[in-house]
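Asks: sequence and predicted structure below; questions after.
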Amino acid sequence: MAIKGKLADTGGEQYFESDVKGADVPKLKGTLVEAKPACRPKELTVALSDATHAEVTLKLDAALTGKPKTGAEMQFKGVPSSFSKDPFMLTMDAEKASLEGVETEPCAAAPAGRRGGTRRSAAKKE
């Protein structure tokens with residue numbers, strides 16, 4: 001990712017503001033590192049240089065259905081909105097529809113037994 005080199009270099013903030021922020025970036029390929037929350041996430045972190053060091057945070061317009069499988073290769077398109085130089089992290093706004101190769105599995109079912117909520121005790125008669 002040539003953009004990373006320019007952003008990490010001196011003057012990276014200026015380069016981001018003038019050339020990268022809000023720009024139409026070509027489709028990128030990376031490895032899904034983490035999803036927040038784990039089930040039905042609206043935020044994904046992706047590694048580009050290797051399979052473990054996250055460099056891009058994708059903020060999705062809609063939550064994914066299910067739990068995405070981390071460690072899988074994916075492709076995405078997004079619009080840069082912010083970045084941090086140290087540690088390096090480029091944040092991009094992305095449409096759920098622009099993601100390719102993201103495999104999801106059903107979220108774990110809620111434990112059997114009581115359903116959510118609290119029981120109300122009967123009102124006492126006086």
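Replies: Looks like it arrived, so ask away.
Asks: how is F83 assigned, secondary-structure-wise?
Replies: Reducing the assignment at F83 to three states with DSSP: H, G, I helix; E, B strand; the rest coil gives strand.
Asks: ok, now how distant is it from A38?
Replies: Taking Cβ to Cβ, to the nearest Å as the measure, F83 and A38 are separated by 25 Å. C-beta coordinates here come from the backbone N, C-alpha and C atoms, glycine included.
Asks: which one of these two has more residues nearby?
Replies: Under the criterion of other Cβ atoms under 10 Å, the comparison of F83 against A38 puts F83 first, with 24 against 12.
Asks: the more buried one against T57, yeah?
Replies: No - contact criterion Cβ atoms under 8 Å: F83 and T57 do not qualify, at 9.5 Å.
Asks: shared neighbours of the two, anything?
Replies: Listed as contacting both F83 and T57 by Cβ atoms under 8 Å, 6 or more residues apart in numbering are 89-91.
Asks: and which of those is nearest G12?
Replies: Distances from the shared contacts of F83 and T57 to G12 were compared by Cβ to Cβ; the smallest belongs to L90, at 10.7 Å.
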